[in-house]
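Visitor: fold the following, please.
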Amino acid sequence: MSDVEVADFLHEQRTLICATIGRDGAPHVMPLWFVVRDGDIWAWTYASSQKVRNLERDPRATLTLEDGETYEELRGVMFATEAEIERDPDFVAALGLAVYERYIDGELPAQVRASIAKQAPKRVAIRFVEQNRASWDHRKLAAAP
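Guide: Numbering: from 1, shown residues only. This next block holds a predicted model:
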């Protein structure tokens, strides 16, 4: 996929799969909601989560997003990244709001905003800095001569 196609694909997708490296070297794979800011993928999660502990030890993470039901429809992108963890509660709260605004249609209810603000001190924001990527779009295979 081109850069524009990848950006459009990220906008369309709802959940990414994040793989980190566990203490024993085994992959730890979890779903995350996300937002894209200035071309970077950001997520927020609990600071005490296993993925955060893994990223504190080794900042490498692989992110995958995919779509399609049949072979001819398969498309996706995989990002090799270095994660940066942001702990400032105001920044984390603002990112939490951005994530929820992406997933909830319309104005966020006051109770959701209050919940995000209350959770922020227990959470972190993660910026996934792209190192390289691989993408695929099997829909283009059918169009090939």
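
Visitor: closest to the centroid, which residue in the chain?
Guide: With distances taken as C-alpha atoms, centre = their mean, the residue of the chain nearest its centroid is F34 (4.2 Å).

Visitor: so which residues of the protein form helices?
Guide: All helices of the chain, identified by DSSP state H, fall at 3-12, 50-57, 89-103, 110-119, 139-143.

Visitor: my guess is the residue nearest to the centre of the chain meets A43, correct?
Guide: Yes. Using C-beta atoms under 8 Å, F34 is in contact with A43, at 4.7 Å. Heads up, the C-betas are built off the backbone N, CA and C, glycines and all.

Visitor: distance of the closest residue to H11 other than its chain neighbours from L95?
Guide: Among residues not flanking H11 along the chain, V36 sits closest, at 7.3 Å (C-beta to C-beta, 6 or more residues apart in numbering). Between V36 and L95 the distance is 12 Å, computed by C-beta to C-beta, to the nearest Å.

Visitor: ditto for A26
Guide: Taking C-beta to C-beta as the criterion, A26 is separated from L95 by 29 Å.

Visitor: between these two, tell me which one has more neighbours.
Guide: Neighbours were tallied for A26 and for L95 using other C-beta atoms under 10 Å; the higher tally belongs to L95 (24 against 8).

Visitor: quick one: strands adjacent to the longest strand seen in the chain?
Guide: If each strand of the chain is counted by residues according to DSSP state E, the longest one is strand 123-137. The pairing partners recorded for strand 123-137 under DSSP bridges are strand 40-46 (antiparallel), strand 75-86 (antiparallel).

Visitor: contacts for that strand, please.
Guide: Surrounding strand 123-137, the residues in contact under the criterion C-beta atoms under 8 Å, 6 or more residues apart in numbering are 1, 5-6, 9, 18, 40-47, 52, 55, 61, 63, 74-87, 91-92, 95-96.

Visitor: need the contact list for A120.
Guide: For A120, counting by C-beta under 8 Å, 6+ apart, the contacting residues are 89-90, 92-93, 96.

Visitor: which of the residues in stretch 96-116 are buried?
Guide: Of the residues in stretch 96-116, those with enough neighbours to count as buried (16 or more other C-beta atoms under 10 Å) are 96-100, 113, 116.

Visitor: returning to what we had before: redo the helices of the chain as JSON lines? Include mean pLDDT and distance to A125.
Guide: Formatted as JSON lines, the helices of the chain follow (pLDDT from 0 to 100; distance: least, C-beta to C-beta, whole Å):
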{"stretch": "helix 3-12", "mean pLDDT": "95", "distance to A125": "17"}
{"stretch": "helix 50-57", "mean pLDDT": "97", "distance to A125": "11"}
{"stretch": "helix 89-103", "mean pLDDT": "94", "distance to A125": "4"}
{"stretch": "helix 110-119", "mean pLDDT": "90", "distance to A125": "12"}
{"stretch": "helix 139-143", "mean pLDDT": "80", "distance to A125": "34"}
